[in-house]
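*Asks:* My questions concern the predicted model and sequence given below.
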Amino acid sequence: MIVALAGGVGGAKLADGLYAELPANSLTVVVNTADDFTLHGLHISPDLDTVMYTLAGVANPETGWGVDKDTFSGLDMLGRYGAPDWFRLGDRDLVTHILRSTALREGSSLTEVTARLGQALGIQAALLPMCDEQVQTIVQTPDGELGFQEYFVHRQCRDQVLGVHFEGLEQASLSDAVRSAISQCEAVIICPSNPIVSVGPILGVPGLRECLLNARVPVIAVSPIIAGQAVKGPAARMLEGLGKQVSVVGVAAEYKELAPVLVIDEDDRDLAGEVAAAGSTPVVAPILMKTPEDRRSLARRVLDIVREVRINNGMSVEDQDSRAEMHA
Ligand code: FO1
């Protein structure tokens, strides 16, 4: 089984490629929930939903988030009532938030309700929130502290980022589901998601980093930065605002404790030496995913790397089987 750590749209794309390439029920995606928030009394989990809709084949192909061919009558009505309508919740998407919020109110955990929603959409992979506790990404800007969706969607990432912190992260705990997935997996793939606000909180869940290091499995990260630019979203501006290097070298520095293989784009070939010096083993490959075939071919490349690393580390398929039995 492969574990992927993913945030928003970029993460969902590689998770989708892995899902297409692996046998059914061989993928677990651990998803960032630090950008979850409450709106209209509903618990909204944008990254979980982006991954869920993508794997279910119902994501809006233009935006990458939301449901394909959704309508916005509910949102129009919210606007007429003068309620906030800057966060574009489609009618079908709203149903997901209603069901999730009801289940949470009735005592289900986020892990349980996510599993039920994913199964109902026919997904043959496990989708796991990074934790069951509420964690909130706070972006410090010259105008004060902003919730992540306020910064990202409402204010369109216009504010200078002075700092980022995650309220509630220190009190969060590793769920049994995440612990068991990491302890039993063959490899961990860090998807090309924002290293600060998507992967950062996942790795920050107390106990997760140790669990990952103890698992002694290959960790393969794919850079969300190509030629000094974020493929999507504010990763570059965030790295810059936080005084970090906006390049694959900066990404390698973020992940150095995990000493991963870092897959970087052909455009960043010249930086391979610096990536190695920053603590990751660079592998050069085309990593931009424009089409569904791009997702699959990057996934195949990543799975090849997993095999190569496991062979180099002297881990056989039998080792893997016995590990799985030990943890069963
Ligand atoms: N992103 C936007 O840029 N604008 C939106 O109006 C918006 C609505 C939205 C609704 C549901 C959902 O699951 C995601 C949505 N997103 C929207 C995407 C989301 O806010 C971001 O992709 C992530 O939070 C970043 O990881």
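*Replies:* Thanks, I have it.
*Asks:* Could you say which helix or strand holds residue 93?
*Replies:* Using DSSP states H and E, residue 93 sits within helix 91-105.
*Asks:* can you check residue 138 too?
*Replies:* strand 136-141.
*Asks:* what's next to the next helix or strand after that strand, contact-wise?
*Replies:* Counting by DSSP H and E, the next helix or strand C-terminal to strand 136-141 is strand 144-147. Strand 144-147 has contacts (Cβ atoms under 8 Å, 6 or more residues apart in numbering) with 37, 136, 137, 138, 139, 155, 159. (Glycine included, C-beta is placed from N, CA and C.)
*Asks:* residues of strand 144-147 that come out buried?
*Replies:* Neighbour counts using 16 or more other Cβ atoms under 10 Å place 146, 147 of strand 144-147 among the buried residues.
*Asks:* can you tell if it touches the ligand?
*Replies:* No. On the criterion Cβ under 6 Å from any ligand atom, strand 144-147 is out of touch with the ligand, staying 10.8 Å away.
*Asks:* Local confidence estimate at the one residue in the stretch 151-300 of the chain that gets nearest to the ligand?
*Replies:* For the stretch 151-300 of the chain and the ligand, the shortest gap (Cβ to the nearest ligand atom) falls at residue 153, measuring 4.2 Å. Looking at residue 153, its pLDDT reads 95.
*Asks:* ok, it - contacts?
*Replies:* Contacts of residue 153 (Cβ under 8 Å, 6+ apart): 86, 87.
*Asks:* let's see 6 Å
*Replies:* By Cβ atoms under 6 Å, 6 or more residues apart in numbering, residue 153 lies in contact with residue 87.
*Asks:* so it, which of the three states?
*Replies:* helix (DSSP: H, G, I helix; E, B strand; the rest coil).
*Asks:* burial count for the residue nearest to residue 254 when sequence neighbours are not counted?
*Replies:* The spatial neighbour of residue 254 that comes closest, neighbours along the chain excluded (Cβ to Cβ, 6 or more residues apart in numbering), is residue 195 at 4.2 Å. Applying other Cβ atoms under 10 Å, we find 25 residues neighbouring residue 195.
*Asks:* part of a helix, is residue 195?
*Replies:* No. Counting by three-state DSSP, residue 195 falls outside a helix, being coil.
*Asks:* And it, what's its pLDDT?
*Replies:* With respect to pLDDT, residue 195 has a value of 93.
*Asks:* cool, residue 256 as well?
*Replies:* 91.
*Asks:* who's in contact with it?
*Replies:* Taking Cβ under 6 Å, 6+ apart, one finds residue 279 in contact with residue 256.
*Asks:* So it versus residue 280, what's the distance?
*Replies:* For residue 256, the distance to residue 280 equals 7 Å [Cβ to Cβ, to the nearest Å].
*Asks:* do the same with residue 124
*Replies:* Taking Cβ to Cβ, one finds residue 124 at 31 Å from residue 280.
*Asks:* okay, the strand holding residue 138 in PDB with CA atoms only?
*Replies:* Coordinates of each C-alpha in strand 136-141 appear next as PDB, following Å, rounded to 0.1, in the frame of the first residue of the first chain:
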ATOM      1  CA  GLN A 136      -6.800  26.400  11.700                       C
ATOM      2  CA  THR A 137      -4.300  28.000   9.400                       C
ATOM      3  CA  ILE A 138      -3.700  31.600  10.300                       C
ATOM      4  CA  VAL A 139      -1.800  33.900   7.900                       C
ATOM      5  CA  GLN A 140      -0.200  36.900   9.500                       C
ATOM      6  CA  THR A 141      -0.300  39.900   7.100                       C
END
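*Asks:* per-residue pLDDT, the closest residue to residue 61 other than its chain neighbours?
*Replies:* The shortest distance from residue 61 to any non-neighbouring residue, by Cβ to Cβ, 6+ apart, is to residue 68 (6.5 Å). We note a pLDDT of 98 for residue 68 in this prediction.
*Asks:* tell me how far the ends of stretch 228-235 are from each other?
*Replies:* 10 Å (Cα to Cα, to the nearest Å).
*Asks:* one step back: could you name the helices and strands sitting against the strand holding residue 138?
*Replies:* strand 163-167 (3 or more Cβ pairs under 6 Å, 6 or more residues apart in numbering; DSSP states H and E).
*Asks:* So what's the gap between the strand it packs on and the chain middle?
*Replies:* Offset of strand 163-167 from its chain centre (Cα atoms, centre = their mean, to the nearest Å): 17 Å.
*Asks:* Which elements pack onto whichever helix or strand comes after that strand?
*Replies:* Downstream of strand 163-167, the first helix or strand assigned by DSSP H and E is helix 176-184. The elements that helix 176-184 packs onto, with contact taken as 3+ Cβ pairs under 6 Å, 6+ apart, are helix 208-215, helix 317-327.
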